[in-house]
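Sequence plus predicted model, see below.
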Amino acid sequence: MNDALDVALRLLLVFLAFLVLPLVVGQTEHKVMAHMQGRLGPMYAGGFHGWAQLVADGVKFAQKEDIVPKDADRRVFQLAPAVALLPYLLVLVAVPVGPGDGAVGAVVDAGVFFVLAVMGVGVLGSLMAGWASANKFSLLGGLRTTAQLLAYELPMLLAAASVAMAAGTVSLTGILDGFAWWWVPWQITGALVFFVAGLAELQRPPFDMPVADSEIIFGAYTEYTGLRFALFLLAEYAGIVVLCALTSVLFLGGWHGPWGDAGLGWFWTLLKTAVLAFVVIWLRVSYPRLREDQLQKLAWTVLVPLALAQIALTGIVKVAIN
Amino acid sequence: MAPIPGSGLAKGLAVTLRTMTRKTVTAQYPEVQPELPPRTRGVIGLFEENCTVCMLCARECPDWCIYIDSHKETVPAAAPGGRERSRNVLDRFAIDFSLCMYCGICIEVCPFDALFWSPEFEYAETDIHELTHERDKLRQWMWTVPEPPALDPRAEEPKEVAAARKAAEKAAAQAAAQAASPAAAQGTDAQDTDAREDRP
């Protein structure tokens, strides 16, 4: 009974984080993007600096009619948003926020594998939406998503593998237990590759070719309305949270901080995640969209070789230490 | 020297970060009124006490949006045996702001300072006919006309001030000369010589 309560409590906390953090990131994006462009951003909803803007958006989406196109593959079309969103919830369960087994939703032995595999499933939602919509723009968006997934999954896996090699384990908690500060400069190339590849997998600008609104309307999400569309948007922000949390856990030491690891572990994790989320927004504001061929070129001629070089470096240092 | 590869990317990030730390340019208009300069062309006010119905404004108006009606009144002679005089009385003065193009020519040509710019601009109407502001409304706008901005430091003196100052100086000099000449006529030898020495 006590175990069941414990599990329920942990899942509830993870679920709460899953509901709140993406909205916080979304609101931050509204505000940071506005100020980076010399604007104020939302100012009305909720009274104080538009803090409730995303709540208002959610209410608006909920009021809208849920339309399924006549020629669409009905069930796949309706299922796609859930497939896009839920994997990020599953990933969040496995992310440790503090030292010990108490500060993680569920201890997964093959954490790195689990996390990367499930994140890959998230992209399937876009593919399903693109194929099932019976719309040429959706199909083009889906195809671009596929190409991007194929190109960027590889460097992402290689970069994560480098950390697993360094720690000698694929468990996320194990990697954090083995962490030392000099891992950051040691794995910095891998961290950059992982972060950039993760951005591309989330289809965030400047890697938003699959949803490029000036060419293919909104890619795979063109035919979606109302709540299902909102779920896709939420999936994007949940993806940001998950990517930033994973980057901080794998490469920046997660709950390790300058002081107070035992009590303040959750704070360091959140802080690192927040800073990375800010960088995600910052990159979106600063850079224009990459063309499809530039996108592929970056993955295959820059990120993959860099990730391989990182693995080689990790191996050499590992052997030298032993 | 060739630029360092990737320096452009860093520059882009620096630009957005710098912009974020600066003040935004958004004007929160309905909540915060804009601070308009005193000579803003918002609406035209009529100071009807100054109007002599000379019709210059109506005739100069490029799109004929000023309507003036008047009649003549006879004023009885001021002194016995004098001549009766006639005077223009303003009956209607209206500006149709749906036609007005805010050129300000009417204000420029008015020789009696009866028309003024006011910075008020919130007089949108749901019916276009209501944009024709009649005499009362135009008079009301006068209360919103701000005082003219101060001159720049070391600017040229305004013409009317210069003229008034010259006239005042002339009058003062005359008064001084009148005060001096009777004294010279009645004065002793010593005073006489003093007066003579004063002359150039």
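Sure thing, it's come through.

so how far is the helix or strand containing A:Leu234 off the chain centroid?
Taking DSSP states H and E as the definition, one finds A:Leu234 inside helix A:226-251. Chain-centre distance of helix A:226-251: 4 Å, with Cα atoms, centre = their mean, to the nearest Å.

got it, and stretch A:83-102?
Distance of stretch A:83-102 from the chain centroid (Cα atoms, centre = their mean) equals 12 Å.

buried sites along it?
Buried residues in stretch A:83-102, counted by 16 or more other Cβ atoms under 10 Å in any protein chain shown: A:83-99. Yep, even glycine has a C-beta here, placed from its N, CA and C like the rest.

if we look at chain B, which of those are close to it?
Residues of these in contact with chain B (Cβ under 8 Å from any Cβ of the partner chain): none.

List the strands paired with the longest strand seen in chain B, with their directions.
Looking across chain B with DSSP state E, the single longest strand is strand B:85-96. Looking at strand B:85-96 with DSSP bridges, its partner strands are strand B:66-75 (antiparallel), strand B:132-133 (antiparallel).

then it to PDB, C-alphas only?
Extracted in PDB, the C-alpha atoms of strand B:85-96 (Å, rounded to 0.1, in the frame of the first residue of the first chain):
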ATOM      1  CA  ARG B  85     -20.000 102.100 -39.100                       C
ATOM      2  CA  SER B  86     -20.700  98.600 -40.300                       C
ATOM      3  CA  ARG B  87     -19.300  95.400 -38.700                       C
ATOM      4  CA  ASN B  88     -19.100  91.700 -39.700                       C
ATOM      5  CA  VAL B  89     -20.800  89.400 -37.300                       C
ATOM      6  CA  LEU B  90     -20.000  85.600 -37.400                       C
ATOM      7  CA  ASP B  91     -23.100  83.400 -37.800                       C
ATOM      8  CA  ARG B  92     -21.500  80.100 -38.500                       C
ATOM      9  CA  PHE B  93     -18.000  78.800 -38.600                       C
ATOM     10  CA  ALA B  94     -17.500  75.100 -39.300                       C
ATOM     11  CA  ILE B  95     -14.600  72.800 -40.300                       C
ATOM     12  CA  ASP B  96     -15.400  69.500 -41.900                       C
END
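
How far away from the center of its chain is whichever helix or strand comes after it?
Of the helices and strands lying after strand B:85-96 in sequence (DSSP H and E), the nearest is helix B:105-109. Offset of helix B:105-109 from its chain centre (Cα atoms, centre = their mean): 11 Å.

Please list the residues outside helix B:105-109 that contact it.
Here helix B:105-109 makes contact (Cβ atoms under 8 Å, 6 or more residues apart in numbering or on different chains) with B:44, B:56-58, B:60-62, B:66, B:115-117.

Now do the contacts for A:Ala299.
Here A:Ala299 is in contact with A:151-152, A:154-155, A:197, A:200 (Cβ under 8 Å, 6+ apart).

Make a markdown table from those and add distance to A:Val59 to it.
Formatted as a markdown table, the contacts of A:Ala299 follow (distance: Cβ to Cβ, whole Å):
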| residue | distance to A:Val59 |
| --- | --- |
| A:Ala151 | 38 |
| A:Tyr152 | 35 |
| A:Leu154 | 41 |
| A:Pro155 | 40 |
| A:Ala197 | 35 |
| A:Ala200 | 32 |
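
Out of the residues you listed, the closest to chain B would be?
Proximity of the contacts of A:Ala299 to chain B (Cβ to the nearest Cβ) peaks at A:Ala200, which lies at 15.8 Å.

Check which element follows the helix holding A:Leu234 along the chain.
From helix A:226-251, the next helix or strand downstream (DSSP H and E) is helix A:261-286.

Is that following helix in proximity to chain B?
Yes: Helix A:261-286 lies within reach of chain B by Cβ under 8 Å from any Cβ, at A:282-283, A:285-286.

just to revisit the earlier point, and the angle from the helix holding A:Leu234 to helix A:261-286?
With axes from the mean of the first three to the mean of the last three Cα atoms, to 10 degrees applied, the angle from helix A:226-251 to helix A:261-286 works out at 120 degrees.

and residue 125, which of the three is it?
I went with chain A, as the question did not name one. Three-state call for A:Gly125 (DSSP: H, G, I helix; E, B strand; the rest coil): helix.

let's do chain B instead
Following three-state DSSP, the label given to B:Glu125 is coil.

what's near enough to touch the closest residue to it other than its chain neighbours?
Once flanking residues are discounted, B:Glu125 sits nearest to B:Leu131: 5.5 Å by Cβ to Cβ, 6 or more residues apart in numbering or on different chains. By Cβ under 8 Å, 6+ apart, the contact set of B:Leu131 is B:96-98, B:123, B:125.

redo that, cut-off 10 Å
Listed by Cβ atoms under 10 Å, 6 or more residues apart in numbering or on different chains, the contact set of B:Leu131 reads B:65, B:95-100, B:123-125.

Looking at those residues, spot the one nearest B:Glu147.
Using Cβ to Cβ, B:Tyr123 comes nearest to B:Glu147 of those, at 21.6 Å.

What's the local residue count around the closest one?
Residues near B:Tyr123, counting by other Cβ atoms under 10 Å in any protein chain shown, number 13.

ok, it to B:Trp143 distance?
Between B:Tyr123 and B:Trp143 the computed distance is 14 Å (Cβ to Cβ, to the nearest Å).

can you pull the buried residues of the longest helix belonging to chain B?
Using DSSP state H, we find that the single longest helix of chain B is helix B:159-186. With burial defined by 16+ other Cβ under 10 Å, not one residue of helix B:159-186 is counted as buried.

Show me what that helix packs onto, helices and strands only.
helix B:189-198 (3 or more Cβ pairs under 10 Å, 6 or more residues apart in numbering or on different chains; DSSP states H and E).

May I have the secondary structure class of the residue lying farthest from the centre of chain B?
Distance from the C-alpha centroid of chain B, by Cα atoms, centre = their mean, peaks at B:Pro5 (59.8 Å). Secondary structure, three-state DSSP: B:Pro5 is coil.

Distance of it relative to A:Phe195?
As judged by Cβ to Cβ, B:Pro5 and A:Phe195 stand 19 Å apart.

ok, A:Ile306 - contacts?
Heads up, residue A:306 is Leu, not Ile. Going by Cβ under 10 Å, 6+ apart, A:Leu306 touches A:155, A:158-159, A:189-190, A:192-193, A:196.

Have a look at chain B and report the helix or strand with the lowest mean pLDDT.
In chain B, no helix or strand scores lower on mean pLDDT, DSSP states H and E than helix B:189-198, which sits at a mean of 48.

Show me where chain A dips below the pLDDT cut-off.
A:1, A:100-103, A:105, A:260-262 (pLDDT under 70).

Can you tell me the number of residues neighbouring B:Ala78?
9.

can you give me phi and psi for it?
When read as degrees, to the nearest 10, the backbone of B:Ala78 gives phi -70, psi -40.
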